[in-house]
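# Sequence isn't available, so here's the structure alone:
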């Protein structure tokens with residue numbers, strides 16, 4: 001069983017486990033309107049960010065996958081967080097038990113290709129270690145940047161899912177086992 005995020009290095013990033021001292025940087029990121037606009041739209045308190053961190057870390061020993069912190073190699077600053085989760089979402093169609101890809105990057109690093117670099121690395125890890133049939137991702141249909149990223153990564157739009165009594169854009173990318 002994997003108990004914390006394994007380290008993955010890319011050209012510009014270190015993808016690593018969450019640390020207690022990441023909280024203030026993450027709270028600052030999650031307080032930005034550009035970050036939350038398509039993820040609930042409500043600013044998160046420091047306490048709420050801490051709970052998200054705990055949920056991200058708790059995925060590892062329970063599911064064998066979870067989230068990473070994306071840290072810039074050259075400065076040590078946090079660029080964002082990304083990874084896989086099974087949030088047991090009550091939605092149709094169900095994605096329960098599948099490694100749902102999620103990502104959040106600080107607006108200060110947008111437009112530099114870091115999200116693509118990080119997501120490719122975690123998807124390659126997932127293909128090697130998890131080998132799922134596919135990866136789901138739920139994206140706000142107005143989040144054009146996130147949709148572009150998902151499409152660059154090979155995600156394909158599916159019929160909308162119903163979650164919290166509302167339609168949500170569902171994307172899927174075939175996993176290595178599907179090739």
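Looks like it arrived, so ask away. As the structure is a computational prediction, the values presented were derived from the model and not from experiment. Residues are numbered from 1 along each chain as shown.
# show me where the chain has strands.
Under the criterion DSSP state E, strands of the chain are mapped to 8-9, 13-16, 67-72, 78-85, 91-92, 100-105, 134-139, 156-157, 161-163, 166-174.
# Check which helices and strands the second one sits against.
With contacts taken as 3 or more Cβ pairs under 8 Å, 6 or more residues apart in numbering; DSSP states H and E, strand 13-16 sits against strand 8-9, strand 67-72, helix 114-129. The C-beta positions use only the backbone N, C-alpha and C, and glycine is treated the same way.
# tell me which strands and helices the longest one is in contact with?
If contacts are counted by 3+ Cβ pairs under 8 Å, 6+ apart, helix 114-129 sits against strand 8-9, strand 13-16, strand 67-72, strand 78-85, strand 100-105, helix 144-152.
# Need the contact partners of the second one.
Right, strand 13-16. Residues from elsewhere that reach strand 13-16 (Cβ atoms under 8 Å, 6 or more residues apart in numbering): 5, 7-9, 68-73, 79, 82, 114, 117-118, 121-122.
# do the first one as well
Contact partners of strand 8-9, identified using Cβ under 8 Å, 6+ apart, comprise 14, 15, 16, 68, 73, 121, 122, 125.
# Minimum distance to residue 37: which of the helices and strands packed on helix 114-129 has it?
Residue 37 sits nearest to helix 144-152 of all the helices and strands packed on helix 114-129, at 10.4 Å, using Cβ to Cβ.
# so what does that closest one touch, helix or strand wise?
Packing partners of helix 144-152 (3+ Cβ pairs under 8 Å, 6+ apart): helix 114-129, strand 134-139, strand 166-174.
# ok, back up a step: if you rank the contacts of strand 8-9 by neighbours, which is first?
residue 68 (27 neighbours; other Cβ atoms under 10 Å).
# So that residue versus residue 160, what's the distance?
To residue 160, residue 68 is 28 Å away according to Cβ to Cβ, to the nearest Å.
# Report the contact partners of the residue positioned nearest the centre of the chain.
In the chain, the centroid-proximal residue (Cα atoms, centre = their mean) is residue 102; its distance is 2.2 Å. Residue 102 sits next to 67, 82, 83, 84, 85, 137 when contact means Cβ under 8 Å, 6+ apart.
# ok, now residue 168?
91, 138, 139, 140, 141, 160, 161, 162.
# Could you rerun that using 10 Å?
89, 91, 138, 139, 140, 141, 160, 161, 162 (Cβ atoms under 10 Å, 6 or more residues apart in numbering).
# distance between the ends of stretch 133-145?
One end of stretch 133-145 sits 25 Å from the other (Cα to Cα, to the nearest Å).
# State the mean pLDDT of it.
Taken as a whole, stretch 133-145 has an average pLDDT of 94.
# just to revisit the earlier point, which residues does the residue nearest to the centre of the chain bridge with?
Beta bridges link residue 102 to residue 83 when assigned by DSSP bridges.
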